[in-house]
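*Asks:* What follows is a predicted structure for the sequence shown.
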Amino acid sequence: MSFPKLSLVLCLSASAALGACNNTTPPSTQPSAETRTTASASPEPSASATADAPMPAAGPKVTDTLETSAGKVTFTPIYHGTLAIGFQGKTIVVDPYSSAPKGWLPKADLVLITDIHPDHYDPKAIEEVKQDGTIFVAPKVVTDKLEGAKTLANGEETKALGIGIRAVPMYNLKRGPAEGKLYHDKGRGNGYILSFGDKRVYLSGDTACTDEMKALKDIDLAFVCMNLPYTMPPEEAAECIKVFKPKIIIPYHYRGSDLSKLETALKDTEGVKLEKRDFYPGGEEKK
């Protein structure tokens, strides 16, 4: 697939390893595969939500490749809000989660954590992905528990492995566990904008459609959450997407959501390409 000033290529591999789409061998272009989701109740973030996912059937795994001025960047969906990114021979893991299929969490050179809920901050998964020299970047609510991690607050920036990292707000506007409370308070967690050469990638974290999301500019690829009650439904996500207009939008963290509603809401939005990927190999969790 080709887009103005943007190339997003699918690489199909039977291996979960990021090396299957490395920088030395350009992947072949494949048609986009539709992802179907099954409606189910979204479990409240808790220790019990870390039960292993069903093992997926054997078959190809989809990795997307983004062409940038600094080289190719690969994006591999792992599970729920977990994403593996490959760049210049290094591996970045976003929100490693031990509910991922066994063996699918790679060793990481950089780990980005968005929030304290156990599907984002998961000590068991951290032990699985960390190795000598692994860099951890997270909000203070996480770094208070994770020794040696770098704290990044909303609006702050850092650089690691040649990647620009900017923390942006992620929070609820109205949904919470009780009256007067929110699942995610403003300032607690981070979304991230990652800069790879001339390209910018947005990771929303758990958020509603906020003014800060609407104000985003020049986003080439966006991973946006959508599940209830903890974040927002597809229709609300579409409201923000229509405003900040990423060139490509990939839904993630979408358990229990009907992605066809997002597709319908975005069908007349110029300059935005929706790509659906399977973040629930083997099927969504049934709780």
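*Replies:* Sure thing, it's come through.
*Asks:* Could I get the buried residue list for stretch 257-269?
*Replies:* 257-259, 262, 265-266 (16 or more other C-beta atoms under 10 Å). For the C-beta atoms, the positions are set from N, CA and C on the backbone; glycine is no exception.
*Asks:* For the stretch 151-287 of the chain, give me the ranges with low pLDDT.
*Replies:* 176, 284-287 (pLDDT under 70).
*Asks:* In it, what residue spans correspond to strands?
*Replies:* 157-160, 163-170, 189-196, 199-203, 221-225, 248-252, 273-274 (DSSP state E, counting those that start in this stretch).
*Asks:* highest average neighbour count across those?
*Replies:* Across those, averaging neighbours per residue (mean count of other C-beta atoms under 10 Å) puts strand 221-225 on top, at a mean of 26.
*Asks:* And that strand, what does it pack against?
*Replies:* For strand 221-225, the contact count by 3 or more C-beta pairs under 8 Å, 6 or more residues apart in numbering; DSSP states H and E identifies strand 199-203, helix 234-244, strand 248-252 as packing neighbours.
*Asks:* Can you say which of those is nearest to P123?
*Replies:* Nearest to P123, of all the helices and strands packed on strand 221-225, is strand 199-203, at 20.8 Å by C-beta to C-beta.
*Asks:* Contacts only, for the residue nearest to L66 when sequence neighbours are not counted.
*Replies:* Take L66 and drop its neighbours on the chain: the residue closest to it by C-beta to C-beta, 6 or more residues apart in numbering is V73, 4.6 Å away. Contacts for V73 (C-beta atoms under 8 Å, 6 or more residues apart in numbering) come out as 65-66, 85-87, 196, 199, 201.
*Asks:* would you say V73 is within a helix?
*Replies:* No - judged by DSSP: H, G, I helix; E, B strand; the rest coil, V73 forms no part of a helix; its state is strand.
*Asks:* from now on call the first residue 14
*Replies:* From this message on, residue numbering opens at 14, which makes the last subject V86.
*Asks:* Bridge partners for L207, pull those for me.
*Replies:* Assessed by DSSP bridges, L207 has beta-bridge partners I178, V214.
*Asks:* could you measure it against Y92, distance?
*Replies:* 20 Å (C-beta to C-beta, to the nearest Å).
*Asks:* could you dump the helices and strands packed on strand 234-238 to TSV with distance to E225?
*Replies:* Shown next, in TSV, are the helices and strands packed on strand 234-238 (distance: least, C-beta to C-beta, whole Å):
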stretch	distance to E225
strand 212-216	11
helix 247-257	10
strand 261-265	17
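*Asks:* Strands of the stretch 14-163 of the chain, residue ranges please.
*Replies:* All strands of the stretch 14-163 of the chain, identified by DSSP E, counting those that start in this stretch, fall at 15-16, 19-26, 74-81, 84-92, 95-100, 103-107, 123-125, 148-151, 163-164.
*Asks:* What residues of the fourth one count as buried?
*Replies:* Read that as strand 84-92. For strand 84-92, by 16+ other C-beta under 10 Å, it's 85-92.
*Asks:* what about it, average pLDDT?
*Replies:* For strand 84-92, mean pLDDT rounds to 95.
*Asks:* Compute the inter-axis angle for that strand and strand 95-100.
*Replies:* When axes from the mean of the first three to the mean of the last three C-alpha atoms, to 10 degrees is applied, the directions of strand 84-92 and strand 95-100 differ by 160 degrees.
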